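*Asks:* Build me a structure from this.
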Amino acid sequence: MTPEWIVQNMSLEEKVRLMSGRADRSRIHGALKGTLSEHYNEKPYAAGGNDRLHVPEIRFCDGPRGVVCGRGKATCFPVPMVRAAGFNPDLEEEIGTAIAQEAQQFGANFFGGICINFLYHPGWGRAQETYGEDDFLLGEMGGAMVRGVQSVGVIACLKHFAFNQMENQRFRVNVRCDSLRTEREVFLRHFEKCIRRDHAGAVMSAYNAYNGVMCGHNRYLLHDVLKEEWGFQGFLISDFTWGVKGTVAAALAGQTVEMADTKYFGEKLVEAVRRGLVPEAVIDDAALRIARTMKSFEKISMESEKRKRLKKREIRELALQSAEEGIVLLKNERNVLPFSKRRLHTIAVFGELAEEGNQGDRGSARVYPEHVVSPLEGLMKLVNGTTDVIYYRGHNIAHAKRLADEADCVIVIAGLTYLDEGEALSKDQFTAERGTSVGGDREGRLRLHDGDEKLLNEIGKVNPNTAVVMISGSAVIPGEWISQVPALLWAGYGGQEGGTAIARVLFGEAEPGGRLPYTIPQREEDLPALDFEASEVTYQYYSGYRKLAHDGIRAMYPFGYGLSYTSFALSDVSVRREIPSDVKAAGETEWNGNPFFAVFCHISNTGKRSGSTVVQVYVETAKCPVPTLKGFLKVKLEAGAGRDIRIPVSCDDLKYFDEEEHAFRLEQGNFTIHVGFSAEQIEWSGKFQELHHHDDL
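*Replies:* Residues are numbered from 1 along each chain as shown. Okay, here's the model as predicted:
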């Protein structure tokens, strides 16, 4: 039975049923509020399905850092922001496969955890759920997750489409862009890449409005751009409960499935069709998309059962590897790190977060693993009784200073929790109104809590061997204390193995493999102005590292930055135009077969330890006159070793959006190519002449 035949042989009621979520709204709300014994998405949420015609039902599973379903069985990976810091799409694809396999164990066939919203401002409460402030990085990491998830027959769902960059007012805010270039190049290009190149099977619409129309009803986004321009063949789902607010408006806009329960579709949609308010052809299109996608992935799932599945131990090792690769070494004066167990008799550990298994947000992304290793637990296991570890939360600063003075080294775990940032949830009410009892945005709060600031200011003066480990979902701007401490790491929310990863990196059993996927500015005023309580906002073309470059401002720690326990050098850099004989086989560039150029160079590990670095390619043009990331490669080398590398750059990633032609175009003329180790550490620059200009490039 073909999907077309299935839809032709369905009644109107059966077709509409495919478009309808079947979860209990009151139970979803109760689970999120914590008033029920079950947690949110403890079991997959069902929608659609048709037993008579063998169309599988949608069985939805969240979330961005691992499978939300179940208790004590799923693996909690680091949050996407930490995984983005790893700059390792291959690892992300492996994680996607692991997550999908675990989702299948709970009976899920749909993964709703691929958040690729652009980080416009680091104060966004759900920054931890996405892959950073650069659209190219978002597309590469998001696309890798899509490929991994779908490789075993689980549908990968991109979210939140689109312009969802603030949390407190997510239900109310109307978003505008200052230009079509901003819309297409900054906020939509990575969605397009994950759909056209990686063939994501589903997309979730956002709560917010765009240009005056809520995204769940926005025909321009859902139909004109997604389906018509990009040729999206999959289906849409609304964000839960409040993502659809009208039967006719949502259906005519191209919304496909109302999730996770049904209030406006179902019987109301059947009645709208019978009254002539919604053409049945609209229902046919939605039903065909659902049937086609569900049947296609059912086949992939059945075929994947023949493949070897990852064991629990292997999945746990992936979680640890990604936590280690995501830790960013921001400062290391006098090579204080790594610490040596052999040379230390007493270690003083400070900070309330040291004893907490801090996963981050506790909203819809929360995972319930068997155990989460805290930083203190990780340290205790690593030293294994060979060194005395003294732990004090640090409430009495005078006492903390005495302990620090007596210790051989000091480790301070400082930062944020789900109370400071995350999905905005209210304990008092659960309506479509703003609620920030838990989580929310961090406008004007990009620094540590006062208690942490005071503790760090004093501890750093006492012990010259002090290392600070920062826990957060995105940028925290260091205060005056940064001049007092010699070593600073950003570890983010590292998942269930985060504490182990922190300990191993601090003591050199693993290297800090991360590079910043966001900018840490000198001042919050250097960032785009954004009122997180506004009912209407306009996003600008420049933000993050590109705004700082445009404004001529240096960052405290720039995008792409990260130190290592060794050193690296670039040499023999060149740029060459290439046209691969088989683009699909190359698997590394084009969405549609266009030619591209590649950067070639030699990378050497000039230090005394093995380690990794990320070689980054930035491009600037007349239309985009600031260096913008267009390629990268993570390279691991033993001490003294070297390697020739090649980093391809796709023409699709170089295009600008021509507002008059309403299409992406490749510029004619010179491209300035920059190769280096961060947005501000450029080792080589040169010109590349685009000799042939064609409108279809």
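*Asks:* Can you give the domain ranges for the chain?
*Replies:* Domains of the chain are assigned by automatic domain parsing as 27-312, 333-551, 568-690.
*Asks:* For the stretch 401-550 of the chain, which segments are assigned as strands?
*Replies:* Here the stretch 401-550 of the chain has its strands, by DSSP state E, counting those that start in this stretch, at 409-415, 422-425, 438-440, 466-471, 487-490, 536-539.
*Asks:* could I get the ones you listed as a markdown table with mean pLDDT and mean neighbour count?
*Replies:* (Each C-beta comes from the backbone N, C-alpha and C, glycine too.) As requested, the strands of the stretch 401-550 of the chain are exported to a markdown table (pLDDT from 0 to 100; neighbours: other C-beta atoms under 10 Å):
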| stretch | mean pLDDT | mean neighbour count |
| --- | --- | --- |
| strand 409-415 | 98 | 26 |
| strand 422-425 | 85 | 24 |
| strand 438-440 | 85 | 25 |
| strand 466-471 | 98 | 26 |
| strand 487-490 | 98 | 26 |
| strand 536-539 | 98 | 17 |
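*Asks:* so can I have CSV of those showing distance to residue 66?
*Replies:* Shown next, in CSV, are the strands of the stretch 401-550 of the chain (distance: least, C-beta to C-beta, whole Å):
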stretch, distance to residue 66
strand 409-415, 21
strand 422-425, 16
strand 438-440, 18
strand 466-471, 18
strand 487-490, 21
strand 536-539, 30
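*Asks:* Tell me which of these lies nearest to residue 221.
*Replies:* Distance to residue 221, taken as C-beta to C-beta, is lowest for strand 536-539 among the strands of the stretch 401-550 of the chain, at 14.7 Å.
*Asks:* Please name the strands paired to the closest one in the sheet, noting orientation.
*Replies:* Paired strands of strand 536-539, with direction, are strand 174-177 (parallel) (DSSP bridges).
*Asks:* Now do the strand it pairs with: everything it contacts.
*Replies:* Strand 174-177 is contacted by residues 163, 165, 183, 186-187, 208-212, 535-539 when judged by C-beta atoms under 8 Å, 6 or more residues apart in numbering.
*Asks:* could you point out which element follows it?
*Replies:* Next helix or strand after strand 174-177 toward the C-terminus (DSSP states H and E): helix 180-181.
*Asks:* biggest helix in this protein by residues?
*Replies:* In the chain, taking DSSP state H as the definition, the longest helix is helix 280-304.
*Asks:* Any idea how far that one is from the middle of the chain?
*Replies:* Distance of helix 280-304 from the chain centroid (C-alpha atoms, centre = their mean, to the nearest Å) equals 27 Å.
*Asks:* Could you do stretch 628-635 as well?
*Replies:* Centroid displacement of stretch 628-635 relative to its chain, using C-alpha atoms, centre = their mean, is 17 Å.
*Asks:* just stretch 119-130 next, same as before
*Replies:* Distance, centroid of stretch 119-130 to centroid of chain: 9 Å (C-alpha atoms, centre = their mean).
*Asks:* so where do the helices sit in the stretch 51-200 of the chain?
*Replies:* 80-85, 89-105, 135-150, 180-181, 189-196 (DSSP state H, counting those that start in this stretch).
*Asks:* what stretches of this structure score poorly on pLDDT?
*Replies:* 426-437, 579-595, 690-697 (pLDDT under 70).
*Asks:* centroid residue for it?
*Replies:* The residue lying closest to the centre of the chain (C-alpha atoms, centre = their mean) is residue 130, at 2.3 Å.
*Asks:* From residue 365, how far out is it?
*Replies:* With distances taken as C-beta to C-beta, to the nearest Å, residue 130 is found 11 Å from residue 365.
*Asks:* Now for those two: what residues contact both?
*Replies:* Common contacts of residue 130 and residue 365 (C-beta under 8 Å, 6+ apart): residue 64.
*Asks:* picking that back up, which stretch among the strands of the stretch 401-550 of the chain comes nearest residue 682?
*Replies:* Among these, the nearest to residue 682 by C-beta to C-beta is strand 487-490 (22.3 Å).
*Asks:* Direction included, what does that closest one pair up with?
*Replies:* Strand 487-490 has the following strand partners under DSSP bridges: strand 328-332 (antiparallel), strand 466-471 (parallel).
*Asks:* right, and those strands - which one's nearest residue 259?
*Replies:* Among these, strand 466-471 comes nearest to residue 259, with 32.1 Å by C-beta to C-beta.
*Asks:* all helices of the stretch 401-550 of the chain, in order?
*Replies:* According to DSSP H, counting those that start in this stretch, the helices that the stretch 401-550 of the chain contains are 450-462, 498-506, 544-551.
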